[in-house]
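**Student:** A structural model of the following input is requested.
(2 chains)
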Amino acid sequence: MTTITQPRPATTKSVPATDGAALFNRLCAVCLTLFALIWLVPFAWAIATSLRSDGSITQNPTSLFAGGWSLHAYSSAWDTHPIGTWYLNSLVISALAVIFTVAFCSMAGFALAFLRYRGRAAVMALVAAGLMLPSEALVLPQFIEYRAFHLLGTFWALILPSIAAPISVFVFQAFFRGIPLALIEAARIDGASWWRIYARVGMPLCRPALSTVAILTFITTWNSFLWPLLVLNQTKSQTIPVGLASLVSNSNIQYAEVMASSVLGFLPLIAVFLVFQRQIVQGVATTGIK
Amino acid sequence: MTTVVPTRPAPTAPAAAPPADRPSRSERRAGALLTAPFLVIYLLFLIGPLLVGVVLSFFNTTTVKSGLGDWVGLSNYTEVVTDPQFWDAMWHSVLFTLLTTPPLVVLALAGAILASRVRRGRVLYRLAFFAPYVVPSSVVALIFLWMYTPQIGLLPKIFDAVGLPVPDFIGSTAGGWTAVTLMTLWWTFGFNFVLYTAAIQDVPPDVYEAAAIDGAGPWQQIRHITVPLLGRTTSLVLILQILASLKVFDQIYLLLSGGPDQSTRPVIEYIYDTGFTAYRGGYGAAATMVYFVVIVAISAAWYGLRRRRASSTAA
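**Tutor:** Residues are numbered from 1 along each chain as shown, chains lettered A, B, ... in the order given. This next block holds a predicted model:
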């Protein structure tokens, strides 16, 4: 987990570092740390505000400890908004999206990498073309199509677009092509069916691709905003981003409660991020997904 | 918009190096069956909306009731193209792109270069820069709206303390653009930072060692080795950023709702308004298609340019 973070004295010694270079690196560290601390300010500011009372916030906005700290805003935020339900909705939708995306896209990726069948080249070209398709721009026709299928208001409406993402097939296909063909042929000679080879040989070997696709699908589904805003129109069935958006208003003066809700909106994500940070960052770096 | 970043060595095994014989029946059947579930959903729900959009743009469909409505030919398109509000919205998306792309690319490059010279604290940097990216846009908007609050928000206080004039972040057009740009910078900086960091790690360390032996200082190493070697990554980061910025909706909608007086309304919000406030589905679809063509043209131009450059360097 922490290999990258460990200092590597061996490499520093092998480079004949002059005093100037060492000083320069020190300066870089100072700049970057300052930069990083500035980036953490909004989080810290939100947490600090959420712990205070509205009265003391308006009186002394910048003295953080004035008026004392309490968790009162959290309990009132939890009581006024169905945050728990929103969380559950987001969780169910994102989990289903991950399961279906991983299953369907890995099957397609496996077939495209190893099997010869009619239309393979056409599917490949279609998927490659899909990478250039800005699907977010098509929300309006997408909405009308989903309405025609009577999918509006259902969780399926949020799950289907992420399964259709061609990038996931690409990640799986690229990874499967790196698996030595001899392994597949050996299994084939042993008499295993293609389905068995996919399930027992392919899937266990492609765990890195699987975690990349799973994590990125989860994040994009969890965070998508415009589409769930259009599709889910009842307060109880909303996801976390859409539900919390209903609190966005510059006439809202319950600062502590609003900030408590936003802390509830980001803290669990930050916790998950801390656990999976290496995989998440690696996944983003290898696929450039947005 | 998604792209596979070519910074990792691509797997080199050839695609199913065919044993001389023809594929067996079972192989062909397995291939078709394994592809089918994805392909059906892909055609229905990714290609489908595109075709639906093309068809709708020729009808006066409404969004309130189902059914296509009447054929109106090209009149939706002529109306879109002559509507100054549409071009205003297009300009706002472009303006947002012009405001956000340079700082997001340059700062990410600078940050990644700084990070490459620092050996400790990688986790802190990763947490600080990338964590905002996993937070939903509405949470970011809540936090920033509070920080922008006149008189008692953090940013007006800071502007005041530094002696800068405090812009009206939410109430004025110029202040609104400042607010949206700062928030976007904070929110998405980590993405470009991560792409650059990964690319820098792929630069072999012996290049630097050789340069250091030749007496190149750290600044010269950065200028003559790191930045030139990152050319391809910069081109990728640039296009991803431009395409993402042109698709802006969340930040402007949440923070300003396109206001004041629609003076910051981006195209997607224009389409949203025509489709879901004015209920003009066919007209909205025509606007969608015009916008769609612009985006596809930009990414196609980029792919073409990149391929030409790649083939000219190979030759």
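**Student:** Next up, phi/psi of the residue lying closest to residue A:235 once chain neighbours are set aside, please.
**Tutor:** With CB to CB, 6 or more residues apart in numbering or on different chains as the measure, residue A:82 is the residue that lies nearest to residue A:235, at 6.9 Å, once sequence neighbours are left out. Quick note: C-beta positions are derived from backbone N, CA and C, even for glycine. In terms of degrees, to the nearest 10, the main-chain angles of residue A:82 are phi -80, psi 60.
**Student:** wait, doesn't residue A:82 sit right on residue A:236?
**Tutor:** Yes - using CB atoms under 8 Å as the test, residue A:82 is close enough to residue A:236 to be in contact (6.3 Å).
**Student:** the more surrounded of the two?
**Tutor:** Remark: of residue A:82 and residue A:236, residue A:82 carries more neighbours, 16 against 10, as counted by other CB atoms under 10 Å in any protein chain shown.
**Student:** residues touching that one, list them.
**Tutor:** For residue A:82, the set of contacting residues under the criterion of CB atoms under 8 Å, 6 or more residues apart in numbering or on different chains consists of A:235-236, A:243.
**Student:** Now tell me what touches the host helix or strand of residue B:123 from outside.
**Tutor:** Using DSSP states H and E, the secondary-structure element containing residue B:123 is helix B:122-130. Outside helix B:122-130, the residues within contact range by CB under 8 Å, 6+ apart are A:2, A:4-5, A:32-33, A:35-37, A:39-40, A:270, A:273-274, A:277, A:280-281, B:111, B:115, B:118, B:189-191, B:193-194.
**Student:** Which of the residues you listed are buried? Put it as a PyMOL command.
**Tutor:** Entered in PyMOL, the line below selects the buried ones among these, by 16 or more other CB atoms under 10 Å in any protein chain shown:
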select buried, (chain A and resi 32+33+35+36+39+270+273+277+280+281) or (chain B and resi 111+115+118+189+190+191+193+194)
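**Student:** and the contacts of helix B:122-130, which of them are in helices?
**Tutor:** Among the contacts of helix B:122-130, the members falling in helices are A:32-33, A:35-37, A:39-40, A:270, A:273-274, A:277, A:280-281, B:111, B:115, B:189-191, B:193-194 (criterion: DSSP state H).
**Student:** how close does residue A:134 get to residue A:161?
**Tutor:** For residue A:134, the distance to residue A:161 equals 13 Å [CB to CB, to the nearest Å].
**Student:** in the chain, which residue is closest to the centre?
**Tutor:** Using chain A. In chain A, the centroid-proximal residue (CA atoms, centre = their mean) is residue A:219; its distance is 1.7 Å.
**Student:** hm, I was asking about chain B
**Tutor:** Here the mean C-alpha position of chain B is nearest to the C-alpha of residue B:244 (CA atoms, centre = their mean), at a distance of 1.5 Å.
**Student:** Now do the SS call for that residue.
**Tutor:** With DSSP: H, G, I helix; E, B strand; the rest coil as the basis, the three-state label of residue B:244 is helix.
**Student:** Quick one: mean pLDDT over the helix or strand hosting residue B:146.
**Tutor:** Take DSSP H and E as the rule and residue B:146 turns out to sit in helix B:137-148. Mean pLDDT, computed over helix B:137-148, is 91.
**Student:** That helix and chain A, any residue contact?
**Tutor:** Yes - Helix B:137-148 lies within reach of chain A by CB under 8 Å from any CB of the partner chain, at B:137-147.
**Student:** same for that helix, what does it pack against?
**Tutor:** In terms of contacts (3 or more CB pairs under 8 Å, 6 or more residues apart in numbering or on different chains; DSSP states H and E), helix B:137-148 is packed against helix A:19-50, helix A:240-245, helix A:255-287, helix B:154-162, helix B:173-201, helix B:250-256.
**Student:** how far away is the one residue in the stretch 151-290 of chain A that gets nearest to chain B from residue B:215?
**Tutor:** Across the stretch 151-290 of chain A, no residue is closer to chain B than residue A:178, which sits at 3.1 Å (CB to the nearest CB). Using CB to CB, residue A:178 is found at 41 Å from residue B:215.
**Student:** more crowded one of those two?
**Tutor:** residue A:178 (16 against 9).
**Student:** Just the pLDDT at the more buried one, thanks.
**Tutor:** According to the model's per-residue confidence, residue A:178 sits at a pLDDT of 87.
**Student:** Now do it against residue A:109, distance only.
**Tutor:** Counting by CB to CB, the separation of residue A:178 from residue A:109 is 12 Å.
**Student:** do residue B:158 as well
**Tutor:** Taking CB to CB as the measure, residue B:158 falls 49 Å from residue A:109.
**Student:** more neighbours, these two?
**Tutor:** Here residue B:158 and residue A:109 are compared on neighbour count by other CB under 10 Å; more neighbours surround residue A:109, at 29 against 14.
**Student:** Poorly predicted segments of the chain, please.
**Tutor:** Just so you know, I chose chain A. Applying pLDDT under 70 to chain A flags residues A:1-18, A:66, A:250, A:252, A:288-290.
**Student:** that answer is for a different chain, and I need it for chain B
**Tutor:** Counting by pLDDT under 70, chain B contains low-confidence residues at B:1-21, B:313-315.
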